[in-house]
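Novice: Would you be able to build a 3D model of this:
(chains A and B)
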There are 2 protein chains.
Amino acid sequence: MSIDYQILATDPNSSARLGKLTLPRGVVETPVFMPVGTQATVKAMTPEELQGLGAQIILANTYHLYLRPGVEIVRAMGGLHRFMNWPGPILTDSGGFQIFSLAKLRTLSEEGVTFRSHLNGESHFLSPEQVIALQEGLDTDILICLDECPAHGVSEEYVMKSGALTLRWARRCQQARTREDKLLFAVVQGGMWPQHRREQAQAMVSMGFDGYAIGGLSVGEDKDTREAMLDATVPELPSNQPRYLMGVGTPEDLVEAVTRGVDMFDCVLPTRNARNGMALTRFGRVVIKNAEHATSTRPLDEVCDCYTCRNYSRSYLRHLYVAREILAYRLLTIHNLFYYLDLMAGLRRALAQGTFLKFRQAFYSQRQNGGTPSV
Amino acid sequence: MSIDYQILATDPNSSARLGKLTLPRGVVETPVFMPVGTQATVKAMTPEELQGLGAQIILANTYHLYLRPGVEIVRAMGGLHRFMNWPGPILTDSGGFQIFSLAKLRTLSEEGVTFRSHLNGESHFLSPEQVIALQEGLDTDILICLDECPAHGVSEEYVMKSGALTLRWARRCQQARTREDKLLFAVVQGGMWPQHRREQAQAMVSMGFDGYAIGGLSVGEDKDTREAMLDATVPELPSNQPRYLMGVGTPEDLVEAVTRGVDMFDCVLPTRNARNGMALTRFGRVVIKNAEHATSTRPLDEVCDCYTCRNYSRSYLRHLYVAREILAYRLLTIHNLFYYLDLMAGLRRALAQGTFLKFRQAFYSQRQNGGTPSV
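Specialist: Residues are numbered from 1 along each chain as shown, chains lettered A, B, ... in the order given. Prediction:
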């Protein structure tokens, strides 16, 4: 299909923009954060809870679902939406990042990548064509081309060679695609070299994809380098198509990337940190197991409207976490996802109202207050 | 307060009865199943979910809350209801069963019991008076007297000596009580000797409690012995007061005990089995990890109205369970609690409509069909 992406507003002082992506399974307002549903579930949440938190689209990991339960099973169950009971849009990654970060003994060739499962050591081979077939088998809404994600710190020569392979794989993914009702995004790599980021972006754009993902960031580089890579990449991408920054990041990362013109995000940080007992709030981080919370009647964040903050004290959350109760992971996940999704909704409102700069300033000023709400 | 317990209907063919217990924090229709919220949370559930499943009253364990987070913290947070966000009635046990099943190195004396925490080995002493003070500190609605729960297989002499101590402790609990707005139940022990069960019940009744718990069952005895102990105990208890069978049991146990005139139940079976991957259905048990479910589009139970059965296949539940996803424990807990609470609601409806015998027959006939729904 031809992509239906409308830019509804742009910020005059930055590259930030408000957009609306219309997909067969729902409308996605951007900038958007996509909760991560690695194994066909956003950990600890039901689909109804995600909708209640304001999630518009979620991400699932092709690598994980390919290994378990297997794409054939998901297909036999009527596709990923029906399998997991999530009716809205789903973006699947290509599996590339997991193959390069989780899998063992991987071997790259022109044809594709051979690797061993992190679950049981079984050997597998995936080509760009198979990766598209897997995502079409899952019947998700936005597909990602297979790419190589070079490790942080590899040589410039390696990044160039890898980038050339990722371009050839992207072309093959484009040709392998059989479903025109789904969007296909290419991944722009280029390591930490602005020039290679620019060239990689230009080459992908010349092939013509529905949207562009920016990969290979948040792999160990510092914040300035990460932002410099965005500054090199984003201006090369078409202004009327969605830009997706993969696997990034902290609330500050999101605000900075939106400022630089990025539209879509995913990250395990809010959900994973929740399960590790860390709440993210507009005033900073709360480590719930700390003894100071044992007798605290305060919620995680006094000015937060989430279910957790409306109903539970830090004392109770600390008790649940120390006692390893499942409800601890649920309540902290609800809070963290609400915070991320509410932050994005705030950014969208500010863009619609022409107050983006003011919103950004308030965001940083609250965090500098360091845990003391100004109410 | 004087107890407000009305018997609304009795079954002409058995001792089963329909009742209504009115407490300051809510009305409890009996026969009732109380989900177990050991550590101030019914594992994996929110209070709103429990209400949605039809829970009217829950149980919490004094022993666990005494050790962690400590009754003083719960009291400082406004009591257990506010701490855990459950507005309805709560029954707390005395801690007796946990001291005799979980704690280490316990030593009994006339004065009380010394034991070591199962969490960290710390030594603690609890008297009957302290156990009442702890429960009043938690501010729960139904309190239980401290008792000794003799291990299965001890001598008749031990059971008699232990029963006499439990009687003296019950008297001390009665005298230690300071809150007349809460109900106090005594525990009837007596091992596996009908005569001691009868005498223990008579002695407790002569002291005059608000209700009577039947303890020391489901400790390893067979089903016939368990039912014989109920047959010995229940007729000795006042017909106008609630009878609570502690820690029992399977769906069959519940139906048999209701038939024998028991009104209240608690058991970890539905919640614990859920977390171990076992669903309880009207047609029998489903072990979700079994390979046969990998490609099954069926719900756990075709004729079940619970959220899990309305939305998820066995295939998806198996995937979640094998992948150790929190959602697996949630969805199986929802189903199992719904099944238990719905079974009790069915028993109450049948008692109201005078069709108890028919309901009982249908219950057994469905289970004999062994997994094949008759729809």
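Novice: Show me which residues of chain A are close to chain B?
Specialist: A:39-41, A:43-46, A:68-69, A:73, A:76-78, A:83-85, A:294-295, A:297, A:311-313, A:315-316, A:318-320, A:322-323, A:325-327, A:329-330 (C-beta under 8 Å from any C-beta of the partner chain). For glycine as for every other residue, the C-beta is placed from the backbone atoms N, C-alpha and C.
Novice: Narrow the residues you listed to just the buried residues.
Specialist: Neighbour counting over these (16 or more other C-beta atoms under 10 Å in any protein chain shown) leaves A:39-41, A:43-46, A:68-69, A:73, A:76-77, A:83-85, A:294-295, A:311-313, A:315-316, A:318-320, A:322-323, A:325-327, A:329-330 as the buried ones.
Novice: can you give me the strands in the stretch 51-200 of chain A?
Specialist: Remark: strands assigned in the stretch 51-200 of chain A by DSSP state E, counting those that start in this stretch are A:58-60, A:90-92, A:104-108, A:113-116, A:123-126, A:142-144, A:183-188.
Novice: Quick one: mean pLDDT for the third one?
Specialist: Across strand A:104-108, the average pLDDT comes to 86.
Novice: Equivalent analysis for the first one, please.
Specialist: Averaging the model's pLDDT scores along strand A:58-60 yields 98.
Novice: helices or strands next to that strand in the packing?
Specialist: Judged by 3 or more C-beta pairs under 8 Å, 6 or more residues apart in numbering or on different chains; DSSP states H and E, strand A:58-60 is in contact with strand A:90-92.
Novice: swap the cut-off to 10 Å and go again
Specialist: Using 3 or more C-beta pairs under 10 Å, 6 or more residues apart in numbering or on different chains; DSSP states H and E as the contact test, the elements touching strand A:58-60 are strand A:32-34, helix A:80-84, strand A:90-92, strand A:264-266.
Novice: residue contacts, A:Gly215?
Specialist: Contacts for A:Gly215 (C-beta atoms under 10 Å, 6 or more residues apart in numbering or on different chains) come out as A:93-94, A:96-97, A:144, A:147-150, A:166, A:186-190, A:200, A:244-247.
Novice: so of those residues, which ones are in helices?
Specialist: With helices taken from DSSP state H, the overlap with those comprises A:Gly96, A:Phe97, A:Thr166, A:Gln200.
Novice: Using CSV, lay out the helices and strands packed on strand A:58-60 together with distance to A:Gln353 and mean pLDDT.
Specialist: As requested, the helices and strands packed on strand A:58-60 are exported to CSV (distance: least, C-beta to C-beta, whole Å; pLDDT from 0 to 100):
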stretch, distance to A:Gln353, mean pLDDT
strand A:32-34, 18, 98
helix A:80-84, 34, 98
strand A:90-92, 28, 98
strand A:264-266, 21, 98
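Novice: A:Met278 reaches A:Leu332, doesn't it?
Specialist: Yes: counting by C-beta atoms under 10 Å, A:Leu332 is a contact partner of A:Met278 at 7.7 Å.
Novice: Give me the more crowded residue out of the two.
Specialist: Higher neighbour count among A:Met278 and A:Leu332: A:Leu332, with 29 against 17, using other C-beta atoms under 10 Å in any protein chain shown.
Novice: which of the residues in the helix or strand hosting that one are buried?
Specialist: Using DSSP states H and E, A:Leu332 sits within helix A:326-353. Neighbour counts over helix A:326-353 (16+ other C-beta under 10 Å) mark A:326-345, A:347-348, A:350-351 as buried.
Novice: ditto for stretch A:282-299
Specialist: The neighbour-count check on stretch A:282-299 (16+ other C-beta under 10 Å) flags A:Arg282, A:Phe283, A:Gly284, A:Val286, A:Ile288, A:His293, A:Ala294, A:Thr295, A:Ser296, A:Pro299 as buried.
Novice: same thing with stretch A:100-109?
Specialist: Within stretch A:100-109, the residues that count as buried by 16+ other C-beta under 10 Å are A:Phe100, A:Leu102, A:Ala103.
Novice: Among these, which one lies nearest to chain B?
Specialist: Set against chain B, the nearest of those by C-beta to the nearest C-beta is A:Leu102 (14.1 Å).
Novice: so the closest one sits right up against A:Phe115, yeah?
Specialist: Yes: using C-beta under 10 Å, A:Leu102 and A:Phe115 qualify as a contacting pair, with a distance of 9.0 Å.
Novice: intersection of neighbour lists for those two?
Specialist: Joint contacts of A:Leu102 and A:Phe115 (C-beta under 10 Å, 6+ apart) are A:Tyr63, A:Gly95.
Novice: re the thing from before, right, and the strands of the stretch 51-200 of chain A - which one's nearest B:Gly19?
Specialist: Nearest to B:Gly19 among those is strand A:58-60 (47.0 Å), distances taken as C-beta to C-beta.
Novice: Just give me the residue right at the centre of chain A.
Specialist: Closest residue to the average C-alpha location of chain A: A:Asp266 at 1.2 Å, with C-alpha atoms, centre = their mean.
Novice: Quickly note the distance from it to chain B.
Specialist: Per C-beta to the nearest C-beta, to the nearest Å, A:Asp266 is found 18 Å from chain B.
Novice: so which helix or strand takes in the residue sitting furthest away from the middle of chain A?
Specialist: For chain A, the largest distance from the centre (C-alpha atoms, centre = their mean) belongs to A:Thr295, which lies 35.8 Å off. Counting by DSSP H and E, A:Thr295 is held by no secondary-structure element, helix or strand.
Novice: Retrieve the pLDDT associated with it.
Specialist: The predicted local confidence for A:Thr295 is 97.
Novice: Next: A:Phe100.
Specialist: pLDDT recorded at A:Phe100 is 82.
Novice: what sits against the nearest residue to it once chain neighbours are set aside?
Specialist: Nearest non-adjacent residue to A:Phe100, counting by C-beta to C-beta, 6 or more residues apart in numbering or on different chains: A:Cys149, 4.7 Å away. A:Cys149 makes contact with A:94, A:96-101, A:162, A:166, A:187, A:189, A:191, A:215-217, A:219, A:246-247, according to C-beta under 10 Å, 6+ apart.
Novice: out of the buried residues of stretch A:282-299, which one sits closest to B:Ala176?
Specialist: Distances from B:Ala176 to those, taken by C-beta to C-beta, are shortest for A:Thr295, at 26.7 Å.
Novice: right, and that closest one touches B:Gly78 too?
Specialist: No: A:Thr295 is beyond contact range of B:Gly78, at 11.8 Å (criterion: C-beta under 10 Å).
Novice: can you list residues touching both of the two?
Specialist: Contacts common to A:Thr295 and B:Gly78, judged by C-beta under 10 Å, 6+ apart, are A:Ser313.
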